[in-house]
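Novice: have a look at this prediction, sequence included:
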Amino acid sequence: MSVLSRLLVLVGLLSLFHAAYSAHEFSVLSTKYHKNAPLPLDIKLETLVSVFLACLGLVWGSEPLKPVGWNEWAGELERDGGANPFKSLEERVNFVDIRAQRREFATWARQQGPASTR
Amino acid sequence: MAPSPYELSLLLNPLVPDSLTHNTRTLSNIRSISGLLLGIAAGILGLESLWGFAFYLVSNMLISALFYFFLVGAKPQKYFAGTAGTRGLNEKGPGRNQGSGAWREIWLGGGLFTEALSGFVLGWAGVGGVIR
């Protein structure tokens, strides 16, 4: 996707410069032979299409935006495996699951065997 | 003292400054680069006086539409702050108020009438002068 968008920008820029060169040549010729001729349609179309392609590639290839609300941002961080900014709130003593902790300790003690409980 | 609606909105739905600056910078980058390109195009086309500015406005609306539908996904409140104090407060019913006014930052913001416009005029005058 990023390669395609860069290619779009490159093609747009090249064809924009081609259009500029064509317009320059045309203006040189028209002042030499028949004065004040309007710019031919194909050069105009080439300019418009190439600038549109370049802008499309520019928008397409730019970095994705980040959500601005704290809740969505934190959720995205947690989903990507980063540190949760609400961690200090979620690990307060009042939120500890005391039954799960006891069960964990009981299985650990059972695994240690009677020798360690002596 | 009861908090004002603005303070309440900040408490209910705080914003992430990093994301805000990142999004605004992305938009203004797009605007300034495309402003220069549009200026070059206007110079090639040989537009004069108000036609040049009309070209600038129309094509920037097109770029805003691309940005709005491609990058923002038609949900401006998700990526831009919008009017201060409208976010989070919901007096009409349950749920969170998404806020309002963020579309203005996309369609009219990002230096549309400041930096990008000066880049456009630079490209327009420069290329127009060189070609003719």
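Specialist: Received the coordinates, thanks. The structure presented is a predicted model; accordingly, all values stated were derived computationally and were not measured. Residues are numbered from 1 along each chain as shown, chains lettered A, B, ... in the order given.

Novice: briefly note if the helix or strand hosting residue B:24 comes near chain A.
Specialist: Here residue B:24, judged by DSSP states H and E, is contained in helix B:17-45. Yes - counting by Cβ under 8 Å from any Cβ of the partner chain, chain A is contacted by helix B:17-45 at B:18-20, B:22-23, B:26, B:29-30, B:33-34, B:37-38, B:40-41, B:43-45. Where you see a C-beta, it was placed from the backbone N, CA and C, and this is true even at glycine.

Novice: next secondary structure after the lengthiest helix in chain A?
Specialist: Secondary structure of chain A per DSSP state H: the longest helix is helix A:2-32. Once the chain leaves helix A:2-32, the next helix or strand it forms, by DSSP H and E, is helix A:41-61.

Novice: mind listing what's buried in that following helix?
Specialist: Buried residues in helix A:41-61, counted by 16 or more other Cβ atoms under 10 Å in any protein chain shown: A:43-44, A:46-48, A:50-61.

Novice: and the residue of chain A closest to chain B?
Specialist: Of all residues in chain A, the one sitting closest to chain B is residue A:66 (3.8 Å; Cβ to the nearest Cβ).

Novice: the closest residue to that residue other than its chain neighbours - how many residues pack around it?
Specialist: Among residues not flanking residue A:66 along the chain, residue B:19 sits closest, at 3.8 Å (Cβ to Cβ, 6 or more residues apart in numbering or on different chains). Neighbours of residue B:19 under the rule other Cβ atoms under 10 Å in any protein chain shown: 22.

Novice: wait, residue B:19 touches residue A:64, no?
Specialist: No - Residue B:19 lies out of contact with residue A:64 (Cβ atoms under 8 Å); the separation is 11.1 Å.

Novice: just read off the phi/psi values of residue A:69.
Specialist: phi -70, psi 140 (degrees, to the nearest 10).

Novice: beta partners for it?
Specialist: residue B:15 (DSSP bridges).
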